[in-house]
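Colleague: what follows is a predicted protein model with its sequence.
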Amino acid sequence: MAELESPGVMPKLIAFLSSLLERVAESNDLTRRVTTQSQSVSVFHGLSRPTITIQSYLERIFKYANCSPSCFVVAYVYLDRFTQRQPSLPINSFNVHRLLVTSVMVSAKFLDDLYYNNAYYAKVGGISTKEMNLLELDFLFGLGFDLNVKPNTFHAYFSYLQKEMTLVQPLSLVVVPPRSVITFNDEEASHQKQQQQQLAV
């Protein structure tokens, strides 16, 4: 999309996306402490919360990954799909950084003609290459290898982000439902039901 190429759009997109993910992580952290709801521990969970903020981490990825701006919207779609398919692994402050670097790397590999290898993304993300390889594999299986993002799905996610960026000037007013990223999966849900029906036959 041409709008993503505008110089002022990406910093706003990164700021809003990081604010959104921060609120989701905080909400899920609170839910875990308040209830006895089980949340699985996965390869994405760190032993402690990273000291770098989500926004600084996303800015670092944007600065060094040199992937197309569309990769960040697609990474957002992937995170949403992942949380929908893996409800016992909600985004929280222990896994959000690893999920982010993995989703951006996978989206760059799927969308861009030229992209960096896993070792490079591992350095950008502050993890080992071995861990990056494992995260990628787990992420792909968690997505069910469903990497294709149709143009109308991309447009729906980008339009939502764009609308929210213009509507919400002070980022502290963003309200996010717990345990999920904002989803636009009506089309994808009907497609998945069709696939399941075909498999059942």
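Modeller: Right, received. Where do you want to start?
Colleague: and the helix or strand that contains Leu21, what does it pack against?
Modeller: Using DSSP states H and E, Leu21 falls within helix 9-34. When contacts are defined as 3 or more C-beta pairs under 8 Å, 6 or more residues apart in numbering; DSSP states H and E, helix 9-34 sits against helix 2-5, helix 54-65, helix 70-85, helix 96-111, helix 151-167. Every residue, glycine included, has its C-beta placed from N, CA and C.
Colleague: geometric centre of this protein: which residue is closest?
Modeller: Per C-alpha atoms, centre = their mean, the C-alpha nearest to the average position across the chain is that of Leu79, at 3.4 Å.
Colleague: got the phi and psi for the nearest residue to Met105 once chain neighbours are set aside?
Modeller: Nearest residue to Met105, sequence neighbours excluded (C-beta to C-beta, 6 or more residues apart in numbering): Tyr121, at 4.4 Å. When read as degrees, to the nearest 10, the backbone of Tyr121 gives phi -60, psi -30.
Colleague: contact partners for Tyr121?
Modeller: 65, 101, 104-105, 132 (C-beta atoms under 8 Å, 6 or more residues apart in numbering).
Colleague: report how many residues lie close to the residue nearest to Glu22 when sequence neighbours are not counted.
Modeller: Distances taken as C-beta to C-beta, 6+ apart put Ile54 closest to Glu22, at 4.9 Å, once the chain neighbours are dropped. The local packing count at Ile54 equals 22, with neighbours defined by other C-beta atoms under 10 Å.
Colleague: what's the distance between Ile54 and Lys109?
Modeller: 22 Å (C-beta to C-beta, to the nearest Å).
Colleague: buried sites along stretch 51-58?
Modeller: Across stretch 51-58, burial judged by 16 or more other C-beta atoms under 10 Å covers 54-55, 57-58.
Colleague: that older thread, now the helices and strands packed on helix 9-34 in CSV, with distance to Asn117?
Modeller: Supplementary listing: the helices and strands packed on helix 9-34 in CSV, determined by distance: least, C-beta to C-beta, whole Å:
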stretch, distance to Asn117
helix 2-5, 24
helix 54-65, 12
helix 70-85, 15
helix 96-111, 9
helix 151-167, 25
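Colleague: closest one to Leu140 among those helices?
Modeller: In this view, the helices and strands packed on helix 9-34 are compared for proximity to Leu140 by C-beta to C-beta, and helix 96-111 is the closest at 6.9 Å.
Colleague: from the contact counts, what lies against that closest one?
Modeller: Of the remaining helices and strands, those touching helix 96-111 by 3+ C-beta pairs under 8 Å, 6+ apart are helix 9-34, helix 54-65, helix 70-85, helix 118-125, helix 129-143.
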